[in-house]
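Asker: I'd like to go over a predicted model; first the sequence, then the structure.
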Amino acid sequence: MMIQEDHLFRVEVDIIQFDQDSDRVIINGYLGDKIETKYVGQQLLVLGSEASISLHITPEELKAILQQVQ
């Protein structure tokens, strides 16, 4: 079943820690020493040698973020 919601994300990491102060889950991990990024099918993929992150984001939102960097 595919979830149709804005800004879904998936994080693959080795270490998960619970933040006692805010009742939130903090996900810590190491992407690795080599990182590659791709944009495929409205997903921004950050692929590391040790972990990866996939973020659902529209092209317009991604362009707005990149304009803030320049």
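Answerer: The structure has been received and is ready for your questions. These figures come from a predicted structure and were not determined experimentally.
Asker: quick one, helices of this structure?
Answerer: 59-69 (DSSP state H).
Asker: so where's it uncertain?
Answerer: 1-9, 12-19 (pLDDT under 70).
Asker: so which residue is dead centre in it?
Answerer: In the chain, the C-alpha nearest the mean C-alpha coordinate belongs to Ile53, at 3.8 Å (C-alpha atoms, centre = their mean).
Asker: give me the distance between that one and Leu66.
Answerer: Distance, Ile53 to Leu66, by C-beta to C-beta, to the nearest Å: 17 Å. The way it works is simple: take the backbone N, C-alpha and C, and place the C-beta from them, glycine included.
Asker: same question for Gln20.
Answerer: 36 Å.
Asker: what do you get for Ile57?
Answerer: Distance from Ile57 to Leu66, by C-beta to C-beta: 11 Å.
Asker: more neighbours: the two, which one.
Answerer: Higher neighbour count among Ile57 and Leu66: Ile57, with 18 against 9, using other C-beta atoms under 10 Å.
Asker: what's that one sitting at in phi/psi?
Answerer: Note on Ile57: its backbone torsions stand at phi -150, psi 140 [degrees, to the nearest 10].
Asker: surely it meets Gln42?
Answerer: Yes. In this structure, Ile57 is within contact of Gln42 by C-beta atoms under 8 Å, at 6.8 Å.
Asker: Tyr39 and Leu62 touch, don't they?
Answerer: Yes. Here Tyr39 reaches Leu62: they are 6.7 Å apart, a contact under C-beta under 8 Å.
Asker: tell me where the chain has strands.
Answerer: 9-12, 15-19, 24-28, 35-40, 43-48, 52-56 (DSSP state E).
Asker: nearest to Gln70, of those?
Answerer: Distance to Gln70, taken as C-beta to C-beta, is lowest for strand 35-40 among those, at 16.3 Å.
Asker: got a list of contacts for the closest one?
Answerer: Leu44, Leu45, Val46, Leu47, Gly48, Ser49, Pro59, Leu62 (C-beta atoms under 8 Å, 6 or more residues apart in numbering).
Asker: quick one, what contacts the fourth one?
Answerer: What it means is Leu47. Leu47 touches Ile35, Glu36, Thr37, Lys38, counting by C-beta under 8 Å, 6+ apart.
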